[in-house]
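Trainee: here is the input, now give the coordinates:
(6 chains)
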There are 4 protein chains.
Amino acid sequence: MNAITEKKYGKTALKILHCATDLFAEKGFDGTIMDELADRCGVNKASIYYHFNDKAMLYEVCMTHLFKQVADQVISQVDKADSAEQKLKTFIYEFAKGAYQHKQMPATLMREIAAAGKNMPIPARQQMQRLLQTLKAILKQGEQLGLFRTVDPLMTHFMIIGSLSFHITSEPMRLAIQTETKMDPTLDEAIGHVSELIYHALLNN
Amino acid sequence: MNAITEKKYGKTALKILHCATDLFAEKGFDGTIMDELADRCGVNKASIYYHFNDKAMLYEVCMTHLFKQVADQVISQVDKADSAEQKLKTFIYEFAKGAYQHKQMPATLMREIAAAGKNMPIPARQQMQRLLQTLKAILKQGEQLGLFRTVDPLMTHFMIIGSLSFHITSEPMRLAIQTETKMDPTLDEAIGHVSELIYHALLNN
Amino acid sequence: MNAITEKKYGKTALKILHCATDLFAEKGFDGTIMDELADRCGVNKASIYYHFNDKAMLYEVCMTHLFKQVADQVISQVDKADSAEQKLKTFIYEFAKGAYQHKQMPATLMREIAAAGKNMPIPARQQMQRLLQTLKAILKQGEQLGLFRTVDPLMTHFMIIGSLSFHITSEPMRLAIQTETKMDPTLDEAIGHVSELIYHALLNN
Amino acid sequence: MNAITEKKYGKTALKILHCATDLFAEKGFDGTIMDELADRCGVNKASIYYHFNDKAMLYEVCMTHLFKQVADQVISQVDKADSAEQKLKTFIYEFAKGAYQHKQMPATLMREIAAAGKNMPIPARQQMQRLLQTLKAILKQGEQLGLFRTVDPLMTHFMIIGSLSFHITSEPMRLAIQTETKMDPTLDEAIGHVSELIYHALLNN
DNA sequence: TATGAATGAGAATTCATTCAT
DNA sequence: GATGAATGAATTCTCATTCAT
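Mentor: Numbers count the residues shown, from 1 in each chain, chains lettered A, B, ... in the order given. Next up, the predicted model:
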């Protein structure tokens, strides 16, 4: 049971939340139109305002839940891993999986970063901070053990989430572009490739 | 002399084009307001419509020129390099430099990829294709020489532009976040780090 | 209860429809300004767009209802008449009366014919077709009985609606021009004169 | 040599005048856009303002010339006719011919009458007055000689110009409507029919 | 809670007209 | 006289938000 499906939201509110998360990811905050949202979820427009105060608030709730889901998942799995090496692999893998499963997240993240985070709701931003802190700890530990090259953690963080976000979000474009009728790799293969690539980049030697 | 400053556009049109490119990168297509644009460039709003037919057309011209500049620069430098290894390094380095110098480009690219390319003007998209083709050729050559690991070129392409776009675009956020008062690396250092990281990921062994 | 006042339209929509029909007749499609319309009916401009999608759609609804009203009235009365002679008289008289009562109709008709019907909404045009078919049937019947001269029905149709439209629509001009202070004939007198004139023109001998 | 082709207008001005007359007839004053006009005559927009002060002035010149041409032709021919009967026939015939040859005239007339003459430039209106006075004289004479029925001259005037204007202007619509592939009558046949019809209506007995 | 209707404040676009050359 | 560029004042249409029921 994820954050959004929890207690406090009724059936209508949940419908709104899900459609809104999709729509915001698809069109961005400015490109999302409340009428269209209402149509999409088959809910009266005024209902949206009844359940969420306004567009900005709705955005905040959507984004916070979206980012929290992924952050929670990544962090909880990382915590279970033993070695720095395993933790790093887990971090990459779980972030990739979370982003794959919640494609609205990398899409939104890209828009927000493009906008220099000016529209990113604070609570959503905090979720990204949690992930960054987690990575920092892993890198520090691995570095101290001589496993990883010494890298700037922030730069590394953005490389990981950047590579994966681009990779995942560009899937529809890739399929459209691909002239050779080569099948796109499966979810796990793709994640595997990308995370290996990144992991490779960080590894000492 | 880059594409935009060429003949064909007068002083006013150029002013509009430059401001618009900035504004679109900053706020996205939907977030950009024509009144604000007119104000920014100190031009009458109707003038914008005189020179460019509408917002969409203006966007197309801006984006095409923006992407063409970077693509031209990358490709021309890659062509000058000798070995596959040097070409790859050049590709990464020049893309990074171009994106650094034209920060509107990675920002826009991120928004467009987030929108699954649905708003990306065709001519701008073609510039990205040129870059992809260039990388493909490099990877093929390097692979045949046994220098590079066998990687999916599309995936690799997105990793390179994804990492760098995130890195460059997140600069303001990084500066804001950075609690420790550590100086941000200089342009060349930053580019160097990131490109080395990526290069490392692709290298055999 | 006429077509416009029927169910389907609420109070506000009806107000808009009535004012718009007047304004379109007065100023034509291009001369009608939405702000002015909003002011005239004391309704917010956005309400117009809420009820009718855009200016063109509003025009279509207005015109269709306007022409339908007159066509319905004419045709239902013609159906009640017995002889071809009576039917022709009824046709002319009822069209004249309808046009007199709904002066927006001849005015609009004139503009539309002047524009070669290029802006006439299809459903409104169909109402004119119904009238033409009705007249055709009358003329055919009267001709077969040897009552009417053999005339081109289309030409006759345009003569009837042309004469009456000009007559009715020119009323304000006539009143303005008329130097001699002769009272304008009453509604029925005027209709009587004109329709007699036309009737005369068609009659055998 | 008609009024427009006379001395005072150069080649460019004449081109503008002709195109403008067409365009005004086609789209009306409000529907005519100066850019479109400039395009149509292949003349720079500023040139139009150089030759004619503004849109209203251009309209006045066009309309005055247009209406004067027809009025002159009708009146000069009527003057040549002997009997009241001949004069009436000539009036109808020449008006029809003039309107046929200058189709912009009936089209404009219809729009102007629909607008209750509110936009009709004074000089153009005066041309219509000249025609009306001519008809009045004819009718009076014919009436006194017992040839014509006693009819309201204004009403009669509008019937004549109304019938003919509708007939002439509706030609494209008639051709479009005509399901039976019956040829449209030739110019003279059509004029003959309509004028006979009208003449019939006025004749005593 | 839900909904159709309403609305003020925009935002895109158009258009007659003017200006500088 | 001619022309490309510029512009202020509309004008159409949109959209987040609120209201009444």
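Trainee: any idea how far the residue most central in space within chain A lies from DNA strand F?
Mentor: What sits nearest the mean C-alpha location of chain A, by CA atoms, centre = their mean, is A:Met105, with 3.5 Å. Distance of A:Met105 to DNA strand F, given as CB to the nearest atom of the strand, to the nearest Å: 22 Å. Any C-beta I mention is one placed from the backbone N, CA and C, and that applies to glycine too.
Trainee: so which elements touch the helix or strand containing that residue?
Mentor: Following DSSP states H and E, one finds A:Met105 within helix A:104-114. The helices and strands touching helix A:104-114, judged by 3 or more CB pairs under 8 Å, 6 or more residues apart in numbering or on different chains; DSSP states H and E, are helix A:11-31, helix A:55-80, helix A:84-101, helix A:153-169, helix B:11-31, helix B:104-114, helix B:153-169.
Trainee: make JSON lines from the ones you listed and add distance to C:Lys27 to it.
Mentor: Output for the helices and strands packed on helix A:104-114, formatted as JSON lines (distance: least, CB to CB, whole Å):
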{"stretch": "helix A:11-31", "distance to C:Lys27": "37"}
{"stretch": "helix A:55-80", "distance to C:Lys27": "38"}
{"stretch": "helix A:84-101", "distance to C:Lys27": "58"}
{"stretch": "helix A:153-169", "distance to C:Lys27": "51"}
{"stretch": "helix B:11-31", "distance to C:Lys27": "35"}
{"stretch": "helix B:104-114", "distance to C:Lys27": "44"}
{"stretch": "helix B:153-169", "distance to C:Lys27": "52"}
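Trainee: want to throw these into TSV with distance to C:Gly98 and mean pLDDT?
Mentor: As requested, the helices and strands packed on helix A:104-114 are exported to TSV (distance: least, CB to CB, whole Å; pLDDT from 0 to 100):
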stretch	distance to C:Gly98	mean pLDDT
helix A:11-31	50	95
helix A:55-80	50	96
helix A:84-101	67	91
helix A:153-169	63	87
helix B:11-31	50	96
helix B:104-114	58	96
helix B:153-169	68	87
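Trainee: closest point of chain A to chain D, which residue?
Mentor: For chain A, the residue closest to chain D is A:Ile33, as judged by CB to the nearest CB, at 31.0 Å.
Trainee: separation between that residue and chain C?
Mentor: A:Ile33 sits 14 Å away from chain C, going by CB to the nearest CB, to the nearest Å.
Trainee: phi first, then psi, for that residue.
Mentor: phi -110, psi 130 (degrees, to the nearest 10).
Trainee: repeat that for A:Ser170.
Mentor: The phi/psi pair for A:Ser170 (degrees, to the nearest 10) reads phi -80, psi 0.
Trainee: so what's A:Asn119 up against?
Mentor: Each residue near A:Asn119 by CB atoms under 8 Å, 6 or more residues apart in numbering or on different chains is listed here: A:Phe29, A:Tyr59, A:Glu112.
Trainee: how many residues are close by the first one?
Mentor: Each residue near A:Phe29 was counted by other CB atoms under 10 Å in any protein chain shown, and the total is 21.
Trainee: pretty sure it contacts A:Tyr59?
Mentor: Yes - judged on CB atoms under 8 Å, A:Phe29 makes contact with A:Tyr59 at a distance of 5.7 Å.
Trainee: need the per-residue pLDDT for A:Arg149.
Mentor: We note a pLDDT of 79 for A:Arg149 in this prediction.
Trainee: and it, how close does it get to B:His193?
Mentor: Distance, A:Arg149 to B:His193, using CB to CB, to the nearest Å: 10 Å.
Trainee: against A:Gln141, how distant is A:Ala83?
Mentor: If you look again at residue A:83, you'll see it is Ser, not Ala. The gap separating A:Ser83 from A:Gln141 is 9 Å, by CB to CB.
Trainee: right, I mislabeled it, should have said A:Gln104
Mentor: To A:Gln141, A:Gln104 is 32 Å away according to CB to CB.
Trainee: the two: who's more crowded?
Mentor: Between A:Gln104 and A:Gln141, counted using other CB under 10 Å, A:Gln104 has the larger neighbour count: 21 against 16.
Trainee: identify the residues contacting that one.
Mentor: A:Thr21, A:Asp22, A:Phe24, A:Ala25, A:Glu26, A:Leu66.
Trainee: next: A:Gln127.
Mentor: Counting by CB under 8 Å, 6+ apart, A:Gln127 makes contact with A:Thr64, A:Phe67, A:Lys68, A:Val70, A:Ala71.
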